[in-house]
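Student: Give me the fold of what follows.
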Amino acid sequence: MSGTTRSLVELPAGASATVVGLSDDAEPHVARRLVDLGLVPGTEVTVVRRAPLRDPTLYRFADTAMCLRAAQARLVTVRLSVAAAVAPRAGVTVA
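Tutor: The predicted model follows:
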């Protein structure tokens, strides 16, 4: 599986990626909670929309939709597909 790896919090609204793991910086109880919610390697995550001040963000994954704060989403490492990594965002002109 090739593609760009980054934190879930960095994805723009509408983007999808696959979870590859959790940050080593995650406190054990927070990491456990994220895993219990279904954010495990191989899970496809889509950014649905962000709150007006960008926190929290609504994500869709594992047959559910859930809001996560930026501090939590920052701990989730995801891999974008090559096509998603190079596709321009809506409203952005590539010269």
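
Student: Stretch 72-83: which residues count as buried?
Tutor: 72-80 (16 or more other Cβ atoms under 10 Å). The C-beta positions use only the backbone N, C-alpha and C, and glycine is treated the same way.

Student: now do stretch 3-10
Tutor: For stretch 3-10, a neighbour-count test (16+ other Cβ under 10 Å) marks 3, 8-9 as buried.

Student: Out of those, which is nearest to residue 57?
Tutor: Within the buried residues of stretch 3-10, the smallest distance to residue 57 is 7.5 Å, found for residue 9 (Cβ to Cβ).

Student: residue contacts, the residue nearest to the closest one when sequence neighbours are not counted?
Tutor: Among residues not flanking residue 9 along the chain, residue 73 sits closest, at 4.0 Å (Cβ to Cβ, 6 or more residues apart in numbering). With contacts taken as Cβ atoms under 8 Å, 6 or more residues apart in numbering, residue 73 has the following neighbours: 7-9, 57, 59.

Student: And residue 58, how far from residue 33?
Tutor: As judged by Cβ to Cβ, to the nearest Å, residue 58 and residue 33 stand 18 Å apart.

Student: Pretty sure residue 54 sits against residue 70.
Tutor: Yes. Counting by Cβ atoms under 8 Å, residue 54 does reach residue 70; the two are 7.2 Å apart.

Student: Adding secondary structure, pLDDT and distance to residue 48, write the buried residues of stretch 3-10 out as a markdown table.
Tutor: Below are those laid out as a markdown table (DSSP: H, G, I helix; E, B strand; the rest coil; pLDDT from 0 to 100; distance: Cβ to Cβ, whole Å):
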| residue | secondary structure | pLDDT | distance to residue 48 |
| --- | --- | --- | --- |
| 3 | coil | 77 | 21 |
| 8 | helix | 95 | 13 |
| 9 | helix | 95 | 14 |
